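*Asks:* I would like to see how this sequence folds:
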Amino acid sequence: MFWKRFFGSRPRDADAWPLYEAILVQARTPALYREFGVPDSVDGRFEAIVLHVVLVLRRLKRDFPEGLDLAEALQEAFFEDMDRSLREMGAGDLGVGKRVKRMAEGFLGRLGAYDEALDKLPVSGDAGLRAVLQRNVFGTLPAGQGDAAGLAAYALAQLAALEAQDGAALRQGRVAFVDVPVGAEKG
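*Replies:* Sure, this is the predicted structure:
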């Protein structure tokens, strides 16, 4: 799996980094925090990045088998960036590995939860997605804070935009996200 490539000596996919950087730009959009109440904290920014990575991974995996290698490389880029970020925040060498492992486990859990909720959309609507967003993105906030319904609508708009994008362009690291709706009525 990805651990072998992450800790091994295989070269990373050059297209994964531009794709990951585009995800970071979108996940750092101030309107995402302002409009939906995503916590502007380390945890909130982590959750915003995870959400966007999951949506892009879901699209990449549709392009079987070509998208799978890039999907794996994108996950590696995410974990490498988390390692770098922890070091920049002053985490010591001994603690970084353990923290990245916890982040990886958290990411994989979220990936599974988001995939399950998105797979159930045709049957149960967006209730499952809202619940996953509430638990992960807004879980550190007091009850009633954060707009899970609005963020779910945003995520579904991103998913639709990603589905409409050309797979070859996406696999070359080119992604186009939709804008965060500003001033939209909260759901």
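
*Asks:* contact partners for L111?
*Replies:* Taking Cβ atoms under 8 Å, 6 or more residues apart in numbering as the definition of contact, the neighbours of L111 are V50, V54, L57. (Each C-beta comes from the backbone N, C-alpha and C, glycine too.)

*Asks:* out of those, which are buried?
*Replies:* Neighbour-count burial within those applies to V50, V54, L57; the criterion is 16 or more other Cβ atoms under 10 Å.

*Asks:* now those residues in JSON lines, with secondary structure?
*Replies:* JSON lines is the format used below for the buried ones among the contacts of L111 (DSSP: H, G, I helix; E, B strand; the rest coil):
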{"residue": "V50", "secondary structure": "helix"}
{"residue": "V54", "secondary structure": "helix"}
{"residue": "L57", "secondary structure": "helix"}
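
*Asks:* for the residues you listed, which one is nearest A22?
*Replies:* Closest approach to A22 among the buried ones among the contacts of L111 (Cβ to Cβ): L57, at 13.6 Å.

*Asks:* what sits against that closest one?
*Replies:* The neighbourhood of L57, defined by Cβ under 8 Å, 6+ apart, consists of A71, L74, Q75, L111.

*Asks:* I'd say the first one and F64 touch.
*Replies:* In other words, A71. No: under the contact definition of Cβ atoms under 8 Å, A71 does not touch F64, with a separation of 10.0 Å.

*Asks:* out of those two, which sits in the busier spot?
*Replies:* Looking at A71 and F64 with other Cβ atoms under 10 Å, you find the greater number of neighbours at A71, namely 25 against 9.
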